[in-house]
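Participant: Here is my input; please provide its structure:
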Amino acid sequence: MKHLVLIALVALVACKEEQIAVPDAVDLTPDALSYFCQMNIAEHGGPKGQIHLEGYPMPLFFAQVRDMIAYLKSPERDAQITAVYVSDMGAAPNWRQPGVSNWIAADGATFVVGANVAGGMGAREVVPFAGRTDAMAFIAQYGGTGLPLSDIPDTEVLGPVDLDLKLETPS
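Facilitator: Numbers count the residues shown, from 1 in each chain. This next block holds a predicted model:
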């Protein structure tokens, strides 16, 4: 009996250690800096991303969702990822102002990949939407394909940036 109690206690502790609290999205502030370039995010239009890491008090912010997904696909990370949020561009006031608190969980978003639009840093952007209808309306206007986060090809975010492309900046 004593062994059974000990086994149950060890199993309970192991389960508790595996459960990491999922933090809420953090509102975008005017002084938020992009992780890769350390530039002020508010100065760049288009959708944004934030990644929460275990043991870190604040998320890593990204000026482009493309850059955020590149970070997710990279094998070199500082800590375990506990949450990933992206701007819901269906709820954004406009492209230049993607919103401060309209964050959605990235794993539930529809991402428009291959659209003829430039993100905040000038590269082709991967554009997230909470609603499939909003994503399809965006595709009708700018092209691309709607995909879940797990299906976004590496070539869309890890490849070289073609600066000769004539990308649009949505209104």
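Participant: for this structure, what's the longest strand?
Facilitator: strand 81-87 (DSSP state E).
Participant: Give the pairing partners of that one; include direction for each.
Facilitator: strand 49-53 (antiparallel), strand 103-105 (antiparallel) (DSSP bridges).
Participant: For the first one, C-alpha coordinates in CSV please.
Facilitator: When you say that, I think you mean strand 49-53. In CSV, the C-alpha atoms belonging to strand 49-53 read as follows (Å, rounded to 0.1, in the frame of the first residue of the first chain):
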residue,chain,number,x,y,z
GLY,A,49,3.1,38.4,-33.5
GLN,A,50,4.1,37.6,-29.9
ILE,A,51,5.6,34.5,-28.4
HIS,A,52,5.6,33.7,-24.7
LEU,A,53,8.5,31.7,-23.3
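Participant: ok so, going back, using a markdown table, lay out the strands paired with strand 81-87 together with mean pLDDT.
Facilitator: Listed next are those as a markdown table, based on pLDDT from 0 to 100:
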| stretch | mean pLDDT |
| --- | --- |
| strand 49-53 | 97 |
| strand 103-105 | 98 |
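Participant: now the ones you listed in a markdown table, with distance to residue 96 and mean neighbour count?
Facilitator: Using the backbone N, CA and C atoms, a C-beta is placed for each residue, glycine as well. Shown next, in a markdown table, are the strands paired with strand 81-87 (distance: least, Cβ to Cβ, whole Å; neighbours: other Cβ atoms under 10 Å):
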| stretch | distance to residue 96 | mean neighbour count |
| --- | --- | --- |
| strand 49-53 | 17 | 23 |
| strand 103-105 | 18 | 20 |
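Participant: Can you lay out those strands as a markdown table showing distance to residue 76?
Facilitator: Formatted as a markdown table, the strands paired with strand 81-87 follow (distance: least, Cβ to Cβ, whole Å):
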| stretch | distance to residue 76 |
| --- | --- |
| strand 49-53 | 13 |
| strand 103-105 | 24 |
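Participant: Of those, which is nearest residue 39?
Facilitator: strand 49-53 (14.5 Å; Cβ to Cβ).
Participant: what sits up against the longest strand of the chain?
Facilitator: 20-25, 47-54, 59, 65, 68, 72, 98-99, 102-107, 109, 128, 149 (Cβ atoms under 8 Å, 6 or more residues apart in numbering).
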